[in-house]
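**Student:** Quick one, what's the 3D model for this:
(chains A and B)
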Protein chains: 2
Amino acid sequence: MDITEFQKRGKEMVDYIADYFKQLEKRPVYPDVEPGYLRPLIPDSAPQEPENFEDVLKDFERIIMPGVTHWHSPYFFAYFPTVGSFPALLADILSGGIGCLSFSWAASPACTELETVMLDWLGKMLNLPEEFLAGRDGEGGGVIQGSASEATLVTLLAARTKMIRRVQSENPELTEADVMSRLVAYASDQAHSSVEKAGSIGGVKIKTIPSNDKFAVCGSALKKVLHEDRAAGLIPFFFCATLGTTPCCSFDRLLELGPICNKENIWMHVDAAYAGSAFICPEFRYLLNGVEFADSFNFNPHKWLLINAECSALWVKKRSDLTSAFKVDPLYLQHCHQESGLVTDYRHWQIPLTRRFRSLKMWFVFRMYGIKGLQEHIRKASNQLNEALLKSINEARKIHLVPCHLREKFVLRFAICSRTVESVHVQFAWKHISKLATDLLKEC
Amino acid sequence: MDITEFQKRGKEMVDYIADYFKQLEKRPVYPDVEPGYLRPLIPDSAPQEPENFEDVLKDFERIIMPGVTHWHSPYFFAYFPTVGSFPALLADILSGGIGCLSFSWAASPACTELETVMLDWLGKMLNLPEEFLAGRDGEGGGVIQGSASEATLVTLLAARTKMIRRVQSENPELTEADVMSRLVAYASDQAHSSVEKAGSIGGVKIKTIPSNDKFAVCGSALKKVLHEDRAAGLIPFFFCATLGTTPCCSFDRLLELGPICNKENIWMHVDAAYAGSAFICPEFRYLLNGVEFADSFNFNPHKWLLINAECSALWVKKRSDLTSAFKVDPLYLQHCHQESGLVTDYRHWQIPLTRRFRSLKMWFVFRMYGIKGLQEHIRKASNQLNEALLKSINEARKIHLVPCHLREKFVLRFAICSRTVESVHVQFAWKHISKLATDLLKEC
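**Tutor:** Numbers count the residues shown, from 1 in each chain, chains lettered A, B, ... in the order given. All right, here's what the predicted structure looks like:
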């Protein structure tokens, strides 16, 4: 395939994708196939001779599409808010086209530098404490991981290294293995399975902290476990707090947990994988309060912030904590600027060495939506639902309300107006509104 | 950006990429920028209001491109053979467009099933032993990791779990930490830095085995270290052999090392990250001999096999070794087929949970090049160089040769023809050919 054919086929592909989105509602969201459906449909081995593009695309529609779960379908409500937007897709096409990789600054300076600045932009949108930003000469900064699982893993490993060094400096007679065997990390019993996986990879104990009746971990629960474990000779070193748990979107109480972790020299990592995007709206930002006590914070713009997979944003207050946990530095990956203190070599921040130019899609999305556009996207669902709810309330004509806007938010105002209102009327109104809301949610 | 605008912009993007490839030779391969060049060129924070696509693309050319190292440039000789091809790029556009993710079978059955079959196709191209293929009911199979670093890490972790269980079953009094502290893994002193990193993540000792004068590890070197370490009470559990080392493309001696590892219950992982693509050519396949002794094998089609990053192929003989090392299984990721034994849930094979539809670009490339086309790509450089060398030999008119084809390969035949030939003439001819070859390589 030469450049001219690529140009032709590339445009056909763009048309195919556009058509896919136009017709998406009509495709069944979940495929009707049984395990093993695909193998009998395609040859046992690769063809010897080249085939043409039309045949491959035809087979894509015939063989692959019937087995695809449509994550962009408006009927897809599984897992988490779905990935992507057109500007992100365009950026990904461009990133694939130029195909540069970014394990070190020198491997492609623009990849690294744009990533650092984009994570600063995003950190500012979230109003993250200054310490998490790279700025011109900060000690912190952000990095794009492939997934929240990797973010949890790299911070757990950084915390592990830090604690081993601390304990050994105070107890030079202890080996690394001695210390490792006593380390213990914590997360809510509601935390994502990736925390348990990170502990298992890192070879350290993971204990779950019981959440309360709101499915949140509070300070007292952590304190109790720490007390027991210290008494048993264990060394607590890492706590992964969750903002927006997978089962029910509960929030651990950072403002109670943070000071405990800081006092006890426990690394606090905050995992807000899917809920984190909401914090760009000032009215949801309070849910992030307490992040100032954290050592690291992560959420996935590839979930709810219109950026295609793979894009998981991780910030740390001290980049040296990460890099000192991972640094291996053979000659073929060294370059003349690396000791200048001016550059970032992201290979020391992550598990893989090589990765694509991932920050480009952040840049495209942030610019082409603007902060306002992104906030509207986060707010969209609730505004639309609220409008529909108001309509159904007023059409039912049992009670009457008028709405208002509080900045960007569509709000149902409930005012106690008449001299004749008693508590029983308010309770009737509440039941009525709840029923209509429940009916409405059933239709979604 | 609505569908219609995406369609327009997507086509402009395709044109931009086509133009990029047309003009690529003219761009300097390595950027002339100093660390920190980018930050002063872009605003301190994301814009409040949306910007338009033209401005973003203009800024890409003005701000990003001057900082890009051009991995596709014909003057790029750093690191390793560069990624990608047009069919792979088209597949990646499609994958981004439909945006489905594939952590479990149910998350998008086609993603998982195509991946399994593509890894079988590729395994067959390499003539991998049957045990590495998934087939219809095999115990082995392949998975696409993001990078060779991850492949090394997951196999080291699987080996670690396997050895801990084995030792504990024979010595129930030992804790996991006791065993961990005695585990030791090995790799050549020429091995890639990712092996050391994997050991450090997994919390186990890594020792380097001295390579010989050909920079290869041979059986006796491994035996010597094993003997010393067993005597010191250590437990050898993992050996990472390299086929095609990063510094000079040397090959560890699998045929000697494999039987030792098998006998000593040491997991042998074979890392052929960049050289591995060559094994699809029968004339290079002998370099893979001994893989039949390995537990796992990995190489990166995103290096030399025309597939865009990220695509690192890993095969294991026993998939249960991987899945039992990683399996954490919360309710929200379970699905009704998972215990049927018929499906693969790739989340148990890897570090991240979520990842893109990566096998699509394999399918496109394998079909649109065909095995023959891929083999030609691998052979291309040497055929072209050989032809040029023959031309310069015959034009210099000091000696005379004729070429031949051995299957697809352009070969310089050196025949001892005349009755008058003595050893001194052959030596003269060899020196002469070597000099011309050296001059030719300088011009590349």
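
**Student:** List the contacts of residue A:232.
**Tutor:** Listed by C-beta atoms under 8 Å, 6 or more residues apart in numbering or on different chains, the contact set of residue A:232 is empty. Yep, even glycine has a C-beta here, placed from its N, CA and C like the rest.

**Student:** For residue A:207, see how far away it is.
**Tutor:** 11 Å (C-beta to C-beta, to the nearest Å).

**Student:** Could you pull out the helices in chain A for me?
**Tutor:** Applying DSSP state H to chain A gives helices spanning A:3-23, A:53-59, A:86-98, A:109-125, A:148-170, A:176-182, A:193-202, A:219-231, A:254-263, A:301-304, A:319-326, A:359-396, A:423-443.

**Student:** Reformat these into TSV and put distance to residue B:313, mean pLDDT and mean neighbour count next to each item.
**Tutor:** Below are these laid out as TSV (distance: least, C-beta to C-beta, whole Å; pLDDT from 0 to 100; neighbours: other C-beta atoms under 10 Å in any protein chain shown):
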stretch	distance to residue B:313	mean pLDDT	mean neighbour count
helix A:3-23	24	92	17
helix A:53-59	20	90	15
helix A:86-98	19	89	26
helix A:109-125	24	93	24
helix A:148-170	20	94	22
helix A:176-182	32	91	19
helix A:193-202	21	92	24
helix A:219-231	42	97	15
helix A:254-263	41	98	18
helix A:301-304	24	90	27
helix A:319-326	24	84	19
helix A:359-396	25	87	19
helix A:423-443	45	87	12
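
**Student:** Just send those back as TSV, with distance to residue B:78 too.
**Tutor:** Below are those laid out as TSV (distance: least, C-beta to C-beta, whole Å):
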stretch	distance to residue B:78
helix A:3-23	24
helix A:53-59	32
helix A:86-98	16
helix A:109-125	14
helix A:148-170	26
helix A:176-182	35
helix A:193-202	31
helix A:219-231	49
helix A:254-263	43
helix A:301-304	30
helix A:319-326	22
helix A:359-396	21
helix A:423-443	56
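
**Student:** Just send those back as CSV, with distance to chain B too.
**Tutor:** Shown next, in CSV, are the helices of chain A (distance: least, C-beta to the nearest C-beta, whole Å):
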stretch, distance to chain B
helix A:3-23, 3
helix A:53-59, 5
helix A:86-98, 4
helix A:109-125, 3
helix A:148-170, 5
helix A:176-182, 3
helix A:193-202, 4
helix A:219-231, 15
helix A:254-263, 22
helix A:301-304, 8
helix A:319-326, 6
helix A:359-396, 4
helix A:423-443, 20
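
**Student:** Figure out which of these is closest to residue B:254.
**Tutor:** In terms of C-beta to C-beta, the element of the helices of chain A nearest to residue B:254 is helix A:193-202, at 27.7 Å.

**Student:** Remind me what the closest one packs against, helices and strands.
**Tutor:** Judged by 3 or more C-beta pairs under 8 Å, 6 or more residues apart in numbering or on different chains; DSSP states H and E, helix A:193-202 is in contact with helix A:148-170, strand A:183-188, strand A:205-209, helix B:193-202, helix B:319-326.

**Student:** got the CA positions of that helix in PDB?
**Tutor:** Taking Å, rounded to 0.1, in the frame of the first residue of the first chain, the C-alpha atoms of helix A:193-202 are listed here in PDB:
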ATOM      1  CA  SER A 193      -9.700  -5.400  42.200                       C
ATOM      2  CA  SER A 194      -6.500  -3.800  40.800                       C
ATOM      3  CA  VAL A 195      -5.400  -2.900  44.300                       C
ATOM      4  CA  GLU A 196      -5.300  -6.600  45.300                       C
ATOM      5  CA  LYS A 197      -3.500  -7.300  42.100                       C
ATOM      6  CA  ALA A 198      -0.900  -4.600  42.700                       C
ATOM      7  CA  GLY A 199      -0.200  -6.100  46.100                       C
ATOM      8  CA  SER A 200       0.200  -9.500  44.700                       C
ATOM      9  CA  ILE A 201       2.600  -8.300  42.000                       C
ATOM     10  CA  GLY A 202       4.600  -6.300  44.500                       C
END
